[in-house]
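S.K.: what's the 3D shape of this:
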Amino acid sequence: MAQDTKKRAPSSEEDVRLNVYLQESGVASRRKADELIQSGAVKVNGKSVTQLGVRVSRSDKVHVHGKLVSVKSIPKVVYLLNKPDMCLTTRFDAKGRRTIFDLSSVKSLPANVQAVGRLDYRSEGLLLLTNDGDLAYALTHPRFSVEKSYAVLVADGVTIEDVEKLRAGVMLDDGLAKAVSVRLGNKERMGASRGQWLELVVTEGRNRLIRRMAEAIGLKVVRLVRVGLGDVVLPATLKSGQAIVVEASALEQLEHIKEDMLRAGAAGAARQSSAANANVPDAATRAKRKLRKKIHLNDEEYAIESSRRSAAASVKRKERAHQQKSVANELPAPVPVASGPKPNPRVKSDGPRPVPANSRPQRTDRPQRTDRPQRAERPQRAERPQRDSRTQKSDRPQRSRPSARKSR
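M.R.: Numbering: from 1, shown residues only. The predicted structure is shown next:
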């Protein structure tokens, strides 16, 4: 009888990843928890843990900087926030700028909720808040290809070639970026110009991905709104800065995504259990991770990098306009049509008479024929003697005319 070697998928109620355990306990966010783990500040059952991805159970004793951390059985919640513009997706900001946790609607939520992914400082729209670490991981990891829909308003005119470039893929500093689908929307008047709305769907969550893709092809993003995450759609009636509970139908779909992630994680753990150094990345992977860390921007560098990219996009737009102008100059100029009165052909002009376009040109290179016989000259007539008019009249006989009167 064959023995069943398939591992059971771990449940979120039994064991979770260590960074998720720290996030649910309210110690730090998942990113900060990873930094604490790598620095050696976290111990599990008295042993220091510096490796990411370690899973712990609820019964394990976890210490951070020597203090015991405990997670109470708190029900899992998922909220939907309409993130406003000029607002950071973080708990603390060194410059004192407004964050999503400063909003009154977020302050009333449980203290251990975290944002699922991030939206830029100038981006707005759908943002999920949850205390379910596995769900947050499943929605943000590019391995599970959860679609994210954005409504993008660009200031320049969008052509069919631009749409095809976004679909085919744009090469960025950190690799190729491709949109799953691109659709043209309505136009919007912006002062003296008109903007164009685009609907882009991507499956990645790289930093400023949509803005960098638009800048790479010479488009300037004026407004960026995330309108969908998986089956969760931003309600049209939800005002900016407000948060609501995710509907049951969308929450069920999110649970399916989390279950798929847990099954994939169990299968991956079973494959890697045979190798002792399975979690040690190779040299190429380490170099790639270092490159990603170099290009990762924090909040302090965002303003400088944004201005630099805006200047580069402006240069690309000028080059594009110059190229279009040069192509237009190479085309033959149209023949101007006279708008004045037509000249009257019967009226003679002082200048030479114009030759019609369809007239046959005269040949000047035709040789003269010399073999043609010459005509004989006619003899000149003898001059008649001129007669005097008086003599002529006198020489003529006078005719007798009958008298018009009748004799009486």
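S.K.: Quick check: Arg212 vs Thr90, distance?
M.R.: The gap separating Arg212 from Thr90 is 21 Å, by Cβ to Cβ, to the nearest Å. Glycine gets a C-beta too; all of them are placed from N, C-alpha and C.
S.K.: Which parts of the stretch 101-250 of the chain are helices?
M.R.: 104-107, 133-140, 160-168, 209-216, 248-272 (DSSP state H, counting those that start in this stretch).
S.K.: what packs against the second one?
M.R.: Yep, that's helix 133-140 we're talking about. Contacts defined by 3 or more Cβ pairs under 8 Å, 6 or more residues apart in numbering; DSSP states H and E place helix 133-140 against strand 15-17, helix 18-24, helix 30-38, strand 124-130, helix 248-272.
S.K.: which one of those lies closest to Lys220?
M.R.: Lys220 lies closest, by Cβ to Cβ, to one member of the helices and strands packed on helix 133-140: strand 124-130, at 17.2 Å.
S.K.: related to what we said a few turns ago, tell me which of the helices of the stretch 101-250 of the chain sits most buried.
M.R.: Most buried of these, by mean neighbour count (mean count of other Cβ atoms under 10 Å): helix 133-140, with a mean of 22.
S.K.: how far off strand 124-130 does that one point, in degrees?
M.R.: Put simply, helix 133-140 runs at 150 degrees to strand 124-130, going by axes from the mean of the first three to the mean of the last three Cα atoms, to 10 degrees.
S.K.: Point out where this protein drops to low pLDDT.
M.R.: Along the chain, the parts satisfying pLDDT under 70 run over 1-14, 71-74, 265-310, 333-377, 379-408.
S.K.: count of neighbours near His63?
M.R.: Close neighbours of His63, defined as other Cβ atoms under 10 Å, add up to 15.
S.K.: That one sits in which helix or strand?
M.R.: Per DSSP states H and E: His63 is located in strand 62-64.
S.K.: And the helix or strand that comes right after that strand, what's buried?
M.R.: Downstream of strand 62-64, the next assigned helix or strand under DSSP H and E is strand 67-69. Going by neighbour count (16 or more other Cβ atoms under 10 Å), the buried part of strand 67-69 is Val69.
S.K.: pull the CA atoms of the following helix or strand past strand 67-69 into PDB?
M.R.: Later in the chain than strand 67-69, the nearest helix or strand by DSSP H and E is strand 78-83. Output of strand 78-83 as PDB, limited to C-alpha atoms (Å, rounded to 0.1, in the frame of the first residue of the first chain):
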ATOM      1  CA  VAL A  78     -10.700  43.200   5.800                       C
ATOM      2  CA  TYR A  79     -11.600  46.900   5.200                       C
ATOM      3  CA  LEU A  80     -11.600  48.900   2.000                       C
ATOM      4  CA  LEU A  81     -10.200  52.500   2.100                       C
ATOM      5  CA  ASN A  82     -10.500  55.100  -0.600                       C
ATOM      6  CA  LYS A  83      -7.000  56.600  -0.200                       C
END
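S.K.: Output the contacting helices and strands for strand 78-83.
M.R.: Using 3+ Cβ pairs under 8 Å, 6+ apart: strand 78-83 touches strand 124-130, strand 243-245.
S.K.: can you list contacts of that strand?
M.R.: Outside strand 78-83, the residues that touch it by Cβ atoms under 8 Å, 6 or more residues apart in numbering are 89, 100, 103, 105-106, 109, 113, 119, 123-130, 132, 135, 232, 234-235, 238-246, 251, 254.
S.K.: Give me the sheet partners of the strand holding His63 and which way each runs.
M.R.: When pairing is defined by DSSP bridges, strand 62-64 lines up against strand 42-44 (antiparallel), strand 67-69 (antiparallel).
S.K.: So which of those strands is nearest Ala328?
M.R.: For Ala328, the closest of the strands paired with strand 62-64 is strand 42-44, at 64.4 Å, according to Cβ to Cβ.
S.K.: Please look at Leu109 and Ala243 and confirm they touch.
M.R.: Yes: counting by Cβ atoms under 8 Å, Leu109 sits close enough to Ala243 to count as a contact (6.7 Å).
S.K.: Who has more neighbours out of those two?
M.R.: Neighbour count, other Cβ under 10 Å: between Leu109 and Ala243, Ala243 has more, with 22 against 18.
S.K.: I'd guessed that one sits against Lys107; true?
M.R.: No: Ala243 is beyond contact range of Lys107, at 9.9 Å (criterion: Cβ under 8 Å).
S.K.: ok, so what distance separates Gln141 from Thr203?
M.R.: In this structure residue 141 is His, not Gln. Taken as Cβ to Cβ, the span from His141 to Thr203 is 10 Å.
S.K.: if we compare the helices of the stretch 101-250 of the chain, which one ends up closest to Val16?
M.R.: So among these, helix 133-140 is nearest, using Cβ to Cβ, at 6.1 Å.
S.K.: Number of residues surrounding Ser108?
M.R.: So Ser108, with other Cβ under 10 Å, has 8 neighbours.
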